[in-house]
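>>> Any chance you can model this:
(2 chains)
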Number of protein chains: 2
Amino acid sequence: MTSPAPSPRTEIRRKPQRAHYDAATIAAIVDQALLCHVAFNDAGSVHCLPMACWRDGDYLYLHAANNSRISRALMAGECAVTITHIDGLVLARSAFRHSMNFRSVVLYGSFAAVNPENDKKSAFAAFVDHVSPGRSALVREPDAAELAGTTLLRLPLAEAAAKIRNWGVEDNAGDLDRPVWAGVIPLALQAQPFQPDAACAQTTPPTLPDFIK
Amino acid sequence: MTSPAPSPRTEIRRKPQRAHYDAATIAAIVDQALLCHVAFNDAGSVHCLPMACWRDGDYLYLHAANNSRISRALMAGECAVTITHIDGLVLARSAFRHSMNFRSVVLYGSFAAVNPENDKKSAFAAFVDHVSPGRSALVREPDAAELAGTTLLRLPLAEAAAKIRNWGVEDNAGDLDRPVWAGVIPLALQAQPFQPDAACAQTTPPTLPDFIK
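Below is the predicted model:
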(Lines give C-alpha, C1' and ligand atoms only; values in the text may rest on other atoms or scores of the structure.)
Protein backbone atom coordinates (compact mmCIF):
# COMPACT_ATOMS: atom_id res chain seq x y z
CA MET A 1 0.00 0.00 0.00
CA THR A 2 1.33 3.41 -0.90
CA SER A 3 1.18 6.42 1.40
CA PRO A 4 -1.41 9.09 0.51
CA ALA A 5 -0.50 12.71 -0.17
CA PRO A 6 -0.32 14.53 3.20
CA SER A 7 -2.21 17.62 1.91
CA PRO A 8 -3.98 18.81 -1.24
CA ARG A 9 -1.04 20.99 -2.30
CA THR A 10 1.42 18.09 -2.20
CA GLU A 11 -0.72 15.85 -4.39
CA ILE A 12 1.01 15.17 -7.70
CA ARG A 13 -1.62 15.24 -10.44
CA ARG A 14 0.65 15.21 -13.51
CA LYS A 15 2.06 11.69 -13.98
CA PRO A 16 0.94 10.39 -10.56
CA GLN A 17 2.75 7.11 -11.26
CA ARG A 18 5.93 9.03 -10.38
CA ALA A 19 4.63 10.17 -6.96
CA HIS A 20 5.82 8.90 -3.57
CA TYR A 21 4.72 10.19 -0.18
CA ASP A 22 6.34 7.78 2.27
CA ALA A 23 8.85 9.13 4.79
CA ALA A 24 11.64 6.71 3.86
CA THR A 25 11.63 7.70 0.19
CA ILE A 26 11.55 11.39 1.09
CA ALA A 27 14.36 11.09 3.65
CA ALA A 28 16.56 9.18 1.20
CA ILE A 29 16.27 11.93 -1.42
CA VAL A 30 16.86 14.70 1.13
CA ASP A 31 19.92 12.86 2.48
CA GLN A 32 21.64 13.08 -0.89
CA ALA A 33 21.24 16.85 -1.19
CA LEU A 34 23.98 19.41 -0.75
CA LEU A 35 21.52 22.20 -1.44
CA CYS A 36 17.85 22.94 -1.84
CA HIS A 37 15.92 25.74 -3.54
CA VAL A 38 13.78 27.77 -1.14
CA ALA A 39 10.77 29.69 -2.49
CA PHE A 40 9.15 32.39 -0.37
CA ASN A 41 7.37 35.71 -0.65
CA ASP A 42 8.94 38.93 0.54
CA ALA A 43 8.35 42.61 -0.26
CA GLY A 44 5.62 41.85 -2.76
CA SER A 45 7.60 39.36 -4.82
CA VAL A 46 8.23 35.65 -4.96
CA HIS A 47 11.85 34.58 -4.54
CA CYS A 48 13.79 31.36 -5.10
CA LEU A 49 17.24 30.97 -3.56
CA PRO A 50 19.68 28.08 -3.33
CA MET A 51 20.62 27.19 0.25
CA ALA A 52 22.87 24.52 1.71
CA CYS A 53 20.79 22.00 3.65
CA TRP A 54 20.93 18.82 5.65
CA ARG A 55 18.52 16.48 7.41
CA ASP A 56 18.46 15.45 11.05
CA GLY A 57 15.55 13.27 12.11
CA ASP A 58 12.25 14.62 10.85
CA TYR A 59 13.54 18.07 9.92
CA LEU A 60 15.36 19.79 7.10
CA TYR A 61 17.93 22.30 8.41
CA LEU A 62 19.28 25.51 6.90
CA HIS A 63 21.43 28.26 8.27
CA ALA A 64 21.54 31.97 7.49
CA ALA A 65 23.13 35.09 8.87
CA ASN A 66 21.16 36.74 11.68
CA ASN A 67 18.78 39.42 10.45
CA SER A 68 19.39 38.54 6.82
CA ARG A 69 16.41 38.98 4.52
CA ILE A 70 16.02 35.26 4.07
CA SER A 71 16.10 34.39 7.78
CA ARG A 72 13.45 37.02 8.51
CA ALA A 73 11.28 36.04 5.55
CA LEU A 74 11.45 32.31 6.30
CA MET A 75 10.37 32.82 9.89
CA ALA A 76 7.57 35.19 8.84
CA GLY A 77 5.65 32.97 6.45
CA GLU A 78 5.24 29.72 4.60
CA CYS A 79 7.63 28.48 1.99
CA ALA A 80 8.21 25.66 -0.46
CA VAL A 81 11.57 23.89 -0.48
CA THR A 82 12.63 21.69 -3.37
CA ILE A 83 15.48 19.23 -3.78
CA THR A 84 16.20 17.72 -7.18
CA HIS A 85 18.77 15.17 -8.27
CA ILE A 86 19.33 14.71 -12.01
CA ASP A 87 20.04 11.04 -12.59
CA GLY A 88 20.10 10.74 -16.35
CA LEU A 89 19.22 11.88 -19.84
CA VAL A 90 16.57 9.77 -21.52
CA LEU A 91 17.24 9.94 -25.25
CA ALA A 92 14.31 8.74 -27.33
CA ARG A 93 13.83 8.31 -31.07
CA SER A 94 11.35 11.19 -31.29
CA ALA A 95 11.88 14.70 -29.95
CA PHE A 96 8.80 14.59 -27.73
CA ARG A 97 9.66 11.34 -25.96
CA HIS A 98 12.93 12.71 -24.59
CA SER A 99 12.94 12.92 -20.81
CA MET A 100 15.18 13.01 -17.77
CA ASN A 101 15.56 10.61 -14.92
CA PHE A 102 15.42 12.45 -11.60
CA ARG A 103 14.41 12.28 -7.96
CA SER A 104 12.81 15.34 -6.39
CA VAL A 105 11.17 16.30 -3.12
CA VAL A 106 8.94 19.32 -2.50
CA LEU A 107 8.36 20.36 1.12
CA TYR A 108 5.78 22.87 2.35
CA GLY A 109 5.61 24.59 5.70
CA SER A 110 7.22 27.15 7.95
CA PHE A 111 10.76 27.28 9.23
CA ALA A 112 11.34 27.89 12.93
CA ALA A 113 14.58 28.98 14.59
CA VAL A 114 16.48 26.53 16.81
CA ASN A 115 17.93 28.50 19.68
CA PRO A 116 19.57 26.50 22.51
CA GLU A 117 23.33 26.69 21.98
CA ASN A 118 23.82 22.94 22.45
CA ASP A 119 21.16 22.16 19.85
CA LYS A 120 22.83 24.54 17.42
CA LYS A 121 26.23 22.97 18.05
CA SER A 122 25.01 19.45 17.38
CA ALA A 123 23.08 20.55 14.28
CA PHE A 124 26.16 22.23 12.80
CA ALA A 125 28.24 19.14 13.59
CA ALA A 126 25.68 17.10 11.65
CA PHE A 127 25.99 19.56 8.75
CA VAL A 128 29.80 19.17 8.61
CA ASP A 129 29.46 15.38 8.82
CA HIS A 130 26.87 15.44 6.02
CA VAL A 131 29.45 17.00 3.70
CA SER A 132 32.39 14.90 4.94
CA PRO A 133 31.53 12.03 7.32
CA GLY A 134 33.52 12.18 10.56
CA ARG A 135 34.87 15.66 9.87
CA SER A 136 33.12 17.45 12.76
CA ALA A 137 35.51 15.73 15.19
CA LEU A 138 38.54 17.05 13.27
CA VAL A 139 37.76 20.72 12.72
CA ARG A 140 37.52 23.57 15.20
CA GLU A 141 33.98 23.68 16.50
CA PRO A 142 32.00 26.92 16.38
CA ASP A 143 32.77 29.42 19.13
CA ALA A 144 30.12 31.42 20.97
CA ALA A 145 30.31 34.42 18.61
CA GLU A 146 29.99 32.23 15.50
CA LEU A 147 26.99 30.43 16.95
CA ALA A 148 25.34 33.65 18.13
CA GLY A 149 25.72 35.31 14.72
CA THR A 150 24.05 32.52 12.79
CA THR A 151 20.40 31.62 12.63
CA LEU A 152 19.65 27.91 12.49
CA LEU A 153 16.29 27.12 10.92
CA ARG A 154 14.39 23.90 10.56
CA LEU A 155 11.36 22.77 8.60
CA PRO A 156 9.39 19.58 9.37
CA LEU A 157 9.52 16.95 6.64
CA ALA A 158 5.83 16.21 7.28
CA GLU A 159 4.19 17.93 4.32
CA ALA A 160 6.22 16.46 1.50
CA ALA A 161 5.95 14.84 -1.89
CA ALA A 162 8.61 13.00 -3.88
CA LYS A 163 8.64 12.46 -7.62
CA ILE A 164 10.87 9.87 -9.26
CA ARG A 165 11.52 8.86 -12.84
CA ASN A 166 14.07 6.06 -13.06
CA TRP A 167 13.36 4.02 -16.18
CA GLY A 168 14.24 3.84 -19.84
CA VAL A 169 12.90 5.30 -23.08
CA GLU A 170 9.22 5.12 -23.91
CA ASP A 171 9.07 5.53 -27.67
CA ASN A 172 5.95 5.16 -29.77
CA ALA A 173 5.88 1.81 -31.56
CA GLY A 174 5.96 3.62 -34.90
CA ASP A 175 9.31 5.24 -34.08
CA LEU A 176 11.23 2.12 -33.04
CA ASP A 177 12.91 1.56 -36.40
CA ARG A 178 14.35 5.08 -36.49
CA PRO A 179 18.15 4.66 -36.97
CA VAL A 180 19.28 6.71 -33.97
CA TRP A 181 20.85 5.71 -30.67
CA ALA A 182 18.21 5.49 -27.94
CA GLY A 183 18.64 4.84 -24.25
CA VAL A 184 19.67 6.41 -20.97
CA ILE A 185 22.83 8.33 -20.18
CA PRO A 186 23.15 8.09 -16.41
CA LEU A 187 24.53 11.22 -14.73
CA ALA A 188 26.14 11.53 -11.31
CA LEU A 189 27.87 14.18 -9.24
CA GLN A 190 31.51 13.10 -9.11
CA ALA A 191 34.50 14.40 -7.20
CA GLN A 192 37.38 15.68 -9.30
CA PRO A 193 41.03 15.71 -8.16
CA PHE A 194 41.24 17.28 -4.70
CA GLN A 195 42.82 20.75 -4.46
CA PRO A 196 44.55 21.08 -1.07
CA ASP A 197 45.01 24.55 0.37
CA ALA A 198 48.54 25.87 -0.15
CA ALA A 199 49.10 26.03 3.60
CA CYS A 200 47.78 22.50 4.21
CA ALA A 201 50.40 20.17 5.71
CA GLN A 202 47.92 17.37 6.48
CA THR A 203 47.89 14.70 3.78
CA THR A 204 45.11 12.43 5.06
CA PRO A 205 42.35 13.20 2.54
CA PRO A 206 38.81 13.95 3.68
CA THR A 207 36.06 11.35 3.42
CA LEU A 208 33.20 11.94 1.00
CA PRO A 209 29.52 11.11 1.47
CA ASP A 210 28.36 8.05 -0.44
CA PHE A 211 26.17 10.12 -2.77
CA ILE A 212 29.26 11.71 -4.34
CA LYS A 213 30.77 9.19 -6.71
CA MET B 1 33.30 48.47 -14.89
CA THR B 2 30.77 45.99 -13.58
CA SER B 3 27.12 45.95 -14.62
CA PRO B 4 24.66 47.29 -12.02
CA ALA B 5 21.74 45.24 -10.67
CA PRO B 6 18.84 45.60 -13.12
CA SER B 7 16.25 46.07 -10.33
CA PRO B 8 16.11 46.40 -6.53
CA ARG B 9 14.97 42.78 -6.08
CA THR B 10 17.94 41.38 -8.01
CA GLU B 11 20.51 43.28 -5.95
CA ILE B 12 22.65 40.87 -3.94
CA ARG B 13 23.25 42.40 -0.53
CA ARG B 14 24.80 39.39 1.26
CA LYS B 15 28.39 38.94 0.06
CA PRO B 16 28.09 41.38 -2.88
CA GLN B 17 31.63 40.43 -3.99
CA ARG B 18 30.00 37.28 -5.40
CA ALA B 19 27.45 39.20 -7.52
CA HIS B 20 27.48 39.49 -11.32
CA TYR B 21 24.83 41.18 -13.44
CA ASP B 22 26.32 41.13 -16.94
CA ALA B 23 24.49 39.24 -19.68
CA ALA B 24 27.47 37.09 -20.71
CA THR B 25 27.98 35.70 -17.20
CA ILE B 26 24.26 35.02 -16.82
CA ALA B 27 23.97 33.32 -20.23
CA ALA B 28 27.00 31.11 -19.53
CA ILE B 29 25.45 29.81 -16.30
CA VAL B 30 22.03 29.27 -17.91
CA ASP B 31 23.64 27.41 -20.81
CA GLN B 32 25.00 24.74 -18.48
CA ALA B 33 21.62 23.98 -16.92
CA LEU B 34 19.52 20.90 -17.58
CA LEU B 35 16.88 22.15 -15.18
CA CYS B 36 15.82 25.17 -13.17
CA HIS B 37 13.64 25.64 -10.10
CA VAL B 38 10.55 27.76 -10.74
CA ALA B 39 8.87 29.55 -7.82
CA PHE B 40 5.35 30.92 -8.22
CA ASN B 41 2.17 31.53 -6.26
CA ASP B 42 -0.99 29.57 -6.93
CA ALA B 43 -4.12 28.83 -4.88
CA GLY B 44 -2.87 30.76 -1.86
CA SER B 45 0.47 29.03 -1.58
CA VAL B 46 4.01 29.45 -2.85
CA HIS B 47 5.36 26.57 -4.95
CA CYS B 48 8.79 25.54 -6.20
CA LEU B 49 9.07 22.98 -8.99
CA PRO B 50 11.99 21.62 -11.01
CA MET B 51 11.54 22.11 -14.76
CA ALA B 52 13.75 21.24 -17.72
CA CYS B 53 14.99 24.43 -19.38
CA TRP B 54 17.14 25.80 -22.15
CA ARG B 55 18.23 29.20 -23.46
CA ASP B 56 17.75 30.64 -26.91
CA GLY B 57 18.91 34.22 -27.38
CA ASP B 58 17.67 36.47 -24.60
CA TYR B 59 15.08 34.05 -23.23
CA LEU B 60 14.87 31.05 -20.96
CA TYR B 61 12.46 28.42 -22.33
CA LEU B 62 10.31 25.83 -20.55
CA HIS B 63 7.60 23.53 -21.72
CA ALA B 64 4.55 22.16 -19.96
CA ALA B 65 1.40 20.27 -20.82
CA ASN B 66 -1.46 22.46 -22.01
CA ASN B 67 -3.78 23.51 -19.20
CA SER B 68 -1.50 22.09 -16.52
CA ARG B 69 -1.46 23.98 -13.24
CA ILE B 70 2.05 25.24 -13.86
CA SER B 71 1.43 26.53 -17.36
CA ARG B 72 -1.65 28.43 -16.18
CA ALA B 73 0.07 29.77 -13.07
CA LEU B 74 3.19 30.89 -14.92
CA MET B 75 1.19 32.83 -17.47
CA ALA B 76 -0.98 34.39 -14.75
CA GLY B 77 1.68 36.03 -12.60
CA GLU B 78 5.28 36.75 -11.83
CA CYS B 79 7.79 34.10 -10.87
CA ALA B 80 11.37 33.60 -9.82
CA VAL B 81 13.49 31.04 -11.64
CA THR B 82 16.77 29.80 -10.21
CA ILE B 83 19.59 27.76 -11.72
CA THR B 84 22.38 26.49 -9.48
CA HIS B 85 25.51 24.53 -10.32
CA ILE B 86 27.45 23.01 -7.42
CA ASP B 87 31.13 23.19 -8.32
CA GLY B 88 32.86 22.08 -5.15
CA LEU B 89 33.02 21.50 -1.43
CA VAL B 90 35.21 23.99 0.42
CA LEU B 91 36.59 22.19 3.47
CA ALA B 92 38.06 24.56 6.04
CA ARG B 93 39.83 23.97 9.34
CA SER B 94 36.90 25.36 11.37
CA ALA B 95 33.27 24.30 11.06
CA PHE B 96 32.06 27.83 10.29
CA ARG B 97 34.45 28.48 7.42
CA HIS B 98 33.17 25.55 5.39
CA SER B 99 31.53 26.63 2.17
CA MET B 100 30.60 25.48 -1.32
CA ASN B 101 31.74 26.69 -4.69
CA PHE B 102 28.77 27.32 -6.95
CA ARG B 103 27.37 29.40 -9.78
CA SER B 104 23.74 30.49 -9.59
CA VAL B 105 21.36 32.71 -11.51
CA VAL B 106 18.05 34.10 -10.27
CA LEU B 107 15.62 35.44 -12.89
CA TYR B 108 12.48 37.46 -12.18
CA GLY B 109 9.59 38.17 -14.51
CA SER B 110 6.63 36.68 -16.31
CA PHE B 111 6.54 33.81 -18.76
CA ALA B 112 4.66 34.24 -22.01
CA ALA B 113 3.51 31.51 -24.36
CA VAL B 114 5.15 31.14 -27.77
CA ASN B 115 2.46 30.15 -30.24
CA PRO B 116 3.43 30.10 -33.93
CA GLU B 117 4.02 26.46 -34.89
CA ASN B 118 7.33 27.18 -36.63
CA ASP B 119 8.65 29.02 -33.57
CA LYS B 120 7.67 26.09 -31.36
CA LYS B 121 9.36 23.63 -33.71
CA SER B 122 12.63 25.52 -33.73
CA ALA B 123 12.54 26.01 -29.95
CA PHE B 124 12.05 22.29 -29.33
CA ALA B 125 14.86 21.50 -31.77
CA ALA B 126 17.09 23.81 -29.72
CA PHE B 127 16.02 21.93 -26.57
CA VAL B 128 16.98 18.54 -28.03
CA ASP B 129 20.31 19.97 -29.24
CA HIS B 130 20.96 21.45 -25.80
CA VAL B 131 20.80 17.97 -24.28
CA SER B 132 22.68 16.25 -27.13
CA PRO B 133 24.24 18.56 -29.74
CA GLY B 134 23.15 17.70 -33.29
CA ARG B 135 20.44 15.29 -32.16
CA SER B 136 17.45 17.28 -33.44
CA ALA B 137 18.42 16.32 -37.01
CA LEU B 138 18.42 12.61 -36.12
CA VAL B 139 15.16 12.13 -34.20
CA ARG B 140 11.60 12.31 -35.42
CA GLU B 141 10.47 15.90 -35.16
CA PRO B 142 7.26 16.77 -33.29
CA ASP B 143 4.05 16.22 -35.21
CA ALA B 144 1.12 18.62 -35.20
CA ALA B 145 -0.66 16.91 -32.29
CA GLU B 146 2.47 16.84 -30.12
CA LEU B 147 3.10 20.53 -30.78
CA ALA B 148 -0.52 21.48 -30.17
CA GLY B 149 -0.65 19.62 -26.85
CA THR B 150 2.37 21.34 -25.37
CA THR B 151 2.71 24.88 -24.10
CA LEU B 152 6.04 26.53 -24.84
CA LEU B 153 6.85 29.32 -22.40
CA ARG B 154 9.65 31.85 -22.34
CA LEU B 155 10.97 34.33 -19.80
CA PRO B 156 13.28 37.24 -20.68
CA LEU B 157 16.77 37.02 -19.17
CA ALA B 158 16.64 40.79 -18.54
CA GLU B 159 15.98 40.88 -14.79
CA ALA B 160 18.69 38.58 -13.56
CA ALA B 161 21.44 38.24 -11.01
CA ALA B 162 24.27 35.73 -10.87
CA LYS B 163 26.21 34.71 -7.80
CA ILE B 164 29.53 32.90 -8.03
CA ARG B 165 31.94 31.49 -5.46
CA ASN B 166 34.95 29.88 -7.11
CA TRP B 167 37.89 30.13 -4.75
CA GLY B 168 39.61 28.27 -1.95
CA VAL B 169 39.32 28.09 1.82
CA GLU B 170 39.28 31.25 3.91
CA ASP B 171 40.32 30.12 7.37
CA ASN B 172 41.00 32.42 10.29
CA ALA B 173 44.75 32.87 10.85
CA GLY B 174 44.39 31.26 14.28
CA ASP B 175 43.10 28.02 12.77
CA LEU B 176 45.83 27.45 10.17
CA ASP B 177 47.88 25.05 12.30
CA ARG B 178 44.93 22.73 12.88
CA PRO B 179 46.04 19.24 11.69
CA VAL B 180 43.20 18.56 9.29
CA TRP B 181 43.05 18.42 5.48
CA ALA B 182 41.82 21.72 4.06
CA GLY B 183 41.06 22.63 0.49
CA VAL B 184 38.51 22.25 -2.27
CA ILE B 185 36.92 19.09 -3.60
CA PRO B 186 35.73 20.04 -7.09
CA LEU B 187 32.45 18.42 -8.13
CA ALA B 188 31.09 17.90 -11.62
CA LEU B 189 28.13 16.22 -13.28
CA GLN B 190 29.61 13.24 -15.13
CA ALA B 191 28.13 10.74 -17.55
CA GLN B 192 28.21 7.11 -16.43
CA PRO B 193 28.29 4.14 -18.84
CA PHE B 194 25.54 4.57 -21.44
CA GLN B 195 22.53 2.23 -21.20
CA PRO B 196 21.19 1.60 -24.71
CA ASP B 197 17.54 0.68 -25.08
CA ALA B 198 17.06 -3.07 -25.59
CA ALA B 199 15.55 -2.48 -29.02
CA CYS B 200 18.34 -0.11 -30.12
CA ALA B 201 20.27 -1.37 -33.15
CA GLN B 202 22.16 1.89 -33.72
CA THR B 203 25.63 1.84 -32.18
CA THR B 204 26.77 5.39 -32.91
CA PRO B 205 26.63 6.91 -29.42
CA PRO B 206 24.98 10.29 -28.83
CA THR B 207 27.04 13.43 -28.34
CA LEU B 208 27.02 15.13 -24.95
CA PRO B 209 27.04 18.85 -24.18
CA ASP B 210 30.41 20.16 -23.01
CA PHE B 211 29.08 20.88 -19.49
CA ILE B 212 28.70 17.15 -18.84
CA LYS B 213 32.13 15.75 -18.12
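>>> quick one: buried residues of stretch A:72-84?
By neighbour count on 16 or more other CB atoms under 10 Å in any protein chain shown, the buried set for stretch A:72-84 is A:73, A:74, A:78, A:79, A:80, A:81, A:82, A:83, A:84. To be clear about C-beta, it is placed using only N, CA and C from the backbone, and glycine gets the same treatment.
>>> Any stretches of chain A with poor pLDDT?
A:1 (pLDDT under 70).
>>> Residue A:179 contacts residue B:140, correct?
No - look at residue A:179 against residue B:140 with CB atoms under 8 Å: they stay out of range, at 11.2 Å.
>>> Who has more neighbours out of those two?
residue B:140 (18 against 10; other CB atoms under 10 Å in any protein chain shown).
>>> residue ranges of the strands in chain A, please?
Under the criterion DSSP state E, chain A carries strands at the ranges A:19-20, A:35-42, A:45-52, A:54-56, A:59-65, A:79-91, A:99-109, A:112-114, A:150-156, A:160-165, A:183-191, A:195-196.
>>> check contacts around residue A:134.
By CB atoms under 8 Å, 6 or more residues apart in numbering or on different chains, the contact set of residue A:134 is residue A:207.
>>> quick one on the thing from earlier: contacting chain B as well, which ones from the buried residues of stretch A:72-84?
Counting by CB under 8 Å from any CB of the partner chain, A:78, A:79, A:80, A:81, A:82, A:84 from the buried residues of stretch A:72-84 sit close to chain B.
>>> out of everything not next to it in sequence, what's closest to the fifth one?
When you say that, I think you mean residue A:82. Excluding the flanking residues, the one nearest residue A:82 by CB to CB, 6 or more residues apart in numbering or on different chains is residue B:48, at 4.2 Å.
>>> Also the first one?
In this structure, residue A:78 finds its nearest non-sequential neighbour in residue A:110, 5.4 Å apart by CB to CB, 6+ apart.
>>> just checking, the one you found touches residue A:77?
Yes - using CB under 8 Å, residue A:110 makes contact with residue A:77 at a distance of 7.0 Å.
>>> OK, contacts around the residue of chain A positioned farthest from its centre?
In chain A, the greatest distance from the average C-alpha position (CA atoms, centre = their mean) is reached by residue A:177, at 39.2 Å. By CB under 8 Å, 6+ apart, the contact list for residue A:177 is empty.
>>> could you measure it against residue B:76, distance?
Using CB to CB, to the nearest Å, residue A:177 is found at 43 Å from residue B:76.
>>> how about residue A:52, what does it touch?
Shown in contact with residue A:52 (CB under 8 Å, 6+ apart): A:34, A:35, A:62, A:63, A:127, B:100.
>>> who does it bridge with?
When assigned by DSSP bridges, residue A:52 has beta-bridge partners residue A:35.
>>> Report how many residues lie close to residue A:115.
For residue A:115, the count of nearby residues is 9 (other CB under 10 Å).
>>> And the closest residue to it other than its chain neighbours, how far from residue A:48?
Counting by CB to CB, 6+ apart, residue A:115 lies nearest to residue A:152, which is 8.0 Å off, once chain neighbours are set aside. Using CB to CB, we find residue A:152 at a distance of 21 Å from residue A:48.
>>> who has more neighbours, the two?
Per other CB under 10 Å, whichever of residue A:152 and residue A:48 has more neighbours is residue A:48, with 28 against 22.
>>> Is the longest helix anywhere in chain A in proximity to chain B?
Identified as the longest helix of chain A according to DSSP state H is helix A:117-131. Yes - Helix A:117-131 reaches chain B (CB under 8 Å from any CB) through A:124, A:125, A:127, A:128, A:131.
>>> circling back to that earlier point, what's the residue nearest to residue A:115 in contact with, if anything?
Applying CB under 8 Å, 6+ apart, the residues near residue A:152 are A:61, A:62, A:63, A:113, A:114, A:115, A:119, A:120, A:123, A:124.
>>> ok, residue A:17 to chain B distance?
As judged by CB to the nearest CB, to the nearest Å, residue A:17 and chain B stand 15 Å apart.
>>> hmm, back to that, distance from the chain centre to the longest helix of chain A, please.
Centre-to-centre, helix A:117-131 and its host chain are 17 Å apart (CA atoms, centre = their mean, to the nearest Å).
>>> same question, stretch A:56-72
Centroid separation between stretch A:56-72 and its chain, computed with CA atoms, centre = their mean, is 14 Å.
>>> and that stretch, how far apart are its ends?
Distance across stretch A:56-72, first residue to last, is 22 Å (CA to CA, to the nearest Å).
>>> Pull out the buried residues from that stretch.
Here stretch A:56-72 shows A:56, A:59, A:60, A:61, A:62, A:63, A:64, A:69, A:70, A:71 as buried, counting by 16+ other CB under 10 Å.
>>> Verify the stated contact: the fourth one with residue A:55.
Yes - with contact defined as CB under 8 Å, residue A:61 counts as touching residue A:55 (7.2 Å).
>>> now the end-to-end length of stretch A:13-28.
22 Å.
>>> Could you do stretch A:157-177 as well?
Span of stretch A:157-177 from end to end, CA to CA: 46 Å.
>>> ditto for stretch A:133-140
Termini of stretch A:133-140 sit 15 Å apart (CA to CA).
>>> buried stuff in that stretch?
A:135, A:136, A:138, A:139, A:140.
>>> Verify the stated contact: the last one with residue B:178.
Right, residue A:140. Yes - Residue A:140 lies in contact with residue B:178 (CB under 8 Å); the separation is 6.0 Å.
>>> before we move on, the earlier item: dihedrals phi and psi, the residue farthest from the centre of chain A?
According to degrees, to the nearest 10, the main-chain angles of residue A:177 amount to phi -90, psi 10.
>>> Please apply the same query to residue A:58.
phi -100, psi 20.
>>> tell me the contacts of it?
Counting by CB under 8 Å, 6+ apart, residue A:58 has contacts A:23, A:156, A:157, A:158.
>>> try residue A:35
So residue A:35 contacts A:50, A:51, A:52, A:53, A:83, B:84, B:86, B:100, B:102 (CB under 8 Å, 6+ apart).
>>> Go again with 7 Å.
Listed by CB atoms under 7 Å, 6 or more residues apart in numbering or on different chains, the contact set of residue A:35 reads A:50, A:51, A:52, A:53, B:84, B:86.
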